[in-house]
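> what would the 3D arrangement of this be:
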Amino acid sequence: QLRELAKARLVDHKDRVYIKAGGLDGVASMPAGGYDLVVANLVLGEAANVGEALRELLRVTKPGGQLLATLPLEGSW
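Below you'll find the model as predicted:
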């Protein structure tokens, strides 16, 4: 539901913002250096290899861009 709310609020920017559902498996098909800002919300905790996952997220981030990643905090749920 939150993803759909975000899409609705960003309707005027849909040509500039891409909201991808799911995990890290789809990142491999994304273009290298294609995004100014990459947000990985709670997906790194599911990665078999965090270093490889971070490299892949950095690969799709433009030079000078930003990667924001969150991890679940034990006991916070």
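> give me the contacts around stretch 11-30.
Residues outside stretch 11-30 that contact it (CB atoms under 8 Å, 6 or more residues apart in numbering) are 3, 6-7, 10, 35, 40, 43-44, 46-47, 53, 56-57, 60. (C-beta placed from N, C-alpha, C; glycine too.)
> same thing with stretch 54-70?
Contacts to stretch 54-70, defined as CB under 8 Å, 6+ apart, come from residues 24, 27-28, 30-44.
> and those residues, which of them are in strands?
35-41 (DSSP state E).
> neighbour-wise, which of the residues you listed leads?
Val38 (22 neighbours; other CB atoms under 10 Å).
> now do the contacts for it.
So Val38 contacts 57, 60-61, 65-68 (CB under 8 Å, 6+ apart).
> buried ones in the longest helix along the chain?
Secondary structure assigned by DSSP state H gives helix 50-60 as the longest helix of the chain. For helix 50-60, a neighbour-count test (16 or more other CB atoms under 10 Å) marks 53-54, 56-57, 60 as buried.
> buried only: go through the contacts of Val38 for me.
Using 16+ other CB under 10 Å, the buried ones in the contacts of Val38 are 57, 60-61.
> by pLDDT, rank the ones in strands among the contacts of stretch 54-70 and give me the bottom one.
Minimum pLDDT across the ones in strands among the contacts of stretch 54-70 is recorded for Asn41, with 85.
> got a list of what that residue touches?
With CB under 8 Å, 6+ apart, Asn41 has these contacts: 69-70.
> can you give me the angle the longest helix of the chain makes with strand 35-41?
Computed by axes from the mean of the first three to the mean of the last three CA atoms, to 10 degrees, the angle separating helix 50-60 from strand 35-41 equals 150 degrees.
> now do the same for Ser76: its pLDDT.
69.
> and Lys62, by the same measure?
96.
> what about it, how many neighbours?
Quick note: Lys62 (other CB under 10 Å) scores 13 neighbours.
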